[in-house]
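In: With the input below, show me the fold.
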Amino acid sequence: MTAPIDDVTVATCRKQALAAVQRGDVALAEQAFSRLLEQRPDDVEALQFLASCQLGRGDAGAAIGLLHAAHRIEPDDAAILHQLGTAQIAAGDLRSAEDSLRKGLALAPGMFVARLRLGVLYEQQGRRHDAVTAYLGAINAAQAQGRWLSDDTTAPGVREAVKHATQYVAAGRRELFDAVIEPLRQRYGRAELARVDQCLAIYLHEQPAPLPDPRQRPLFLYFPGVPSQTYYPRERFADHARLEAAVDAIRAELREVLSEAGDPFVPFLGAPSAAAVAARLLDATGPQEAAWDAFFFYRHGVRHDANCARCPNTSALLDGMPLVRVRDHAPETLFSVLRPGTHILPHRGVTNTRLVTHLPLIVPPDCALRVGGETHVWEEGRCVTFDDTFEHEAWNRSAQTRVVLIADSWNPDLSEVERLAVADLVAAIGDFNRSVPEA
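Out: Next up, the predicted model:
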């Protein structure tokens, strides 16, 4: 027959234990929690503290037994699973440790120390890619919470581990992306890829970006050694003459889309869940709500077949152009619809390896584009190409809808080999970034 629980004794023991913990008297705290556990064997706080004591003296097996008991009582407690995984690593049971840590992170993705320990585990197993992504996930999660930004924001007990993780990630990413470019180096020679190598070094923060114009700041990838300019001369893009020659056919298909029942357009900035992004990027200059809509032919490199079928002439023209083609990223081609009274606020694009072209189709008065502080007024049927890594904005202050056809193109100052390398590199970076766990 089980002895009755003495709640007074339990409360007294807990009070003594916590007071001892506060004073740093681990031995007295352990004694008090042990007495508490005799009265209440299912006390999770006592089980966890005693497990930490056992682990501290090197008895990982005893710690695991206590933590298994705690986990049975609180199966959805992420902290218990983290502690259990730590003890299992100490015991050399890496498979069980991985399972515990992953379960804990599924419950609490922001546990950056658990992610760090998972990285250690993967490194011990020789799983280099998994270790790199786990370490980077740990760093990202910690820094998102204002931690691991410096020694001052890093707990002393993990400083060396964090430094190791940072170095491991840097070496792992360098190794991965070097391997992507290496076949092209072998085929075309290292000299042909010299600017790509510098581009990669800038991306990896191994060297600063030699930006020649302070107005230009790519959000993602800066390619060095090409002229820095806001708008590009028309003669650099011979294929754009085909778009201009077909402007009437393109505009006719646009008007068909505009007249369709229902709404074939989608918000350019994404679903309604992207309202916060829209609030930062859009402003209303009149009584109507600001709206920037799109009719995509391609988005992030994915063809929108139904839209292409609705506009066969436009689609065929776009498919026949030398658009940027990067798996999961480009091309991006669309009818861009700026509703009356909408101002797209100043922002910057991701890379100067590709440029943006507008073919204006419907342009009411009082509409314009500004790139790097230089204003351009659209002319219907006349293409304009610009580098969107300069701060740029656009507005429609009229009471009518403005529409341009947007297409992307390679920066003409990149060689064919450099374009191949950038396409491979950007796709690999995208693959890697998607493999990093989100907190």
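In: So Pro360 lies in a helix, does it not?
Out: No - read with DSSP: H, G, I helix; E, B strand; the rest coil, Pro360 is strand and lies in no helix.
In: show me what contacts it?
Out: Trp378, Glu379, Glu380, Gly381, Arg382, Val384, Val403, Val404 (Cβ atoms under 8 Å, 6 or more residues apart in numbering). (Each C-beta comes from the backbone N, C-alpha and C, glycine too.)
In: 6 Å - rerun?
Out: Trp378, Glu380, Val404 (Cβ atoms under 6 Å, 6 or more residues apart in numbering).
In: same check, this time on Thr153
Out: When contacts are counted by Cβ under 6 Å, 6+ apart, Thr153 touches Arg147.
In: What score does it have for pLDDT?
Out: Confidence at Thr153, expressed as pLDDT, is 97.
In: Same question for Phe297.
Out: We have a pLDDT of 98 for Phe297.
In: now it, what's its secondary structure?
Out: Relying on three-state DSSP, one would call Phe297 strand.
In: Name the residues that touch stretch 17-30?
Out: Ala32, Phe33, Cys53.
In: Now that we have those residues, which of them are buried?
Out: Applying 16 or more other Cβ atoms under 10 Å to those, the neighbour count classes Ala32, Phe33, Cys53 as buried.
In: Inside helices: which ones of those?
Out: Ala32, Phe33, Cys53 (DSSP state H).
In: so what's the first one up against?
Out: This points to Ala32. Cys13, Gln16, Ala17 are the contacts of Ala32 under Cβ under 6 Å, 6+ apart.
In: now the contacts of Pro360 in JSON lines, with distance to Pro364, pLDDT and secondary structure?
Out: Listed next are the contacts of Pro360 as JSON lines, based on distance: Cβ to Cβ, whole Å; pLDDT from 0 to 100; DSSP: H, G, I helix; E, B strand; the rest coil:
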{"residue": "Trp378", "distance to Pro364": "10", "pLDDT": "98", "secondary structure": "coil"}
{"residue": "Glu380", "distance to Pro364": "10", "pLDDT": "98", "secondary structure": "coil"}
{"residue": "Val404", "distance to Pro364": "12", "pLDDT": "98", "secondary structure": "strand"}
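In: Name the SS class of the nearest residue to Pro331 once chain neighbours are set aside, please.
Out: Using Cβ to Cβ, 6 or more residues apart in numbering and skipping the chain neighbours, the partner closest in space to Pro331 is Leu323 (3.9 Å). Following three-state DSSP, the label given to Leu323 is coil.
In: Any idea how many residues pack against Leu323?
Out: 22 (other Cβ atoms under 10 Å).
In: Leu176 too?
Out: Counted with other Cβ under 10 Å, residues neighbouring Leu176 total 16.
In: That one belongs to a strand?
Out: No - per three-state DSSP, Leu176 lies outside any strand segment and is helix.
In: Could you find the closest non-adjacent residue to it?
Out: Phe432 is the one closest to Leu176 (Cβ to Cβ, 6+ apart), at 6.4 Å.
In: which secondary structure elements does the host helix or strand of the one you found contact?
Out: In this structure, Phe432 sits in helix 416-435 according to DSSP states H and E. Contacts defined by 3 or more Cβ pairs under 6 Å, 6 or more residues apart in numbering; DSSP states H and E place helix 416-435 against helix 159-188.
In: Buried among the contacts of Pro360? Make that a ChimeraX selection.
Out: What follows is the ChimeraX syntax for the buried subset of these, where burial is set by 16+ other Cβ under 10 Å:
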select :378,404
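In: give the contact list for Pro212.
Out: Pro212 neighbours (Cβ under 6 Å, 6+ apart): Ser228.
In: would you say it is within a strand?
Out: No - Pro212 is assigned coil when assessed by three-state DSSP, not a strand.
In: List phi and psi for it.
Out: phi -80, psi -20 (degrees, to the nearest 10).
In: Likewise for Leu323?
Out: phi -70, psi 160.
In: From the contact counts, what lies against the lowest-mean-pLDDT helix or strand in the chain?
Out: Lowest on mean pLDDT, DSSP states H and E among the helices and strands of the chain sits helix 275-281, with a mean of 78. On a contact count with 3+ Cβ pairs under 6 Å, 6+ apart, helix 275-281 meets no helix or strand.
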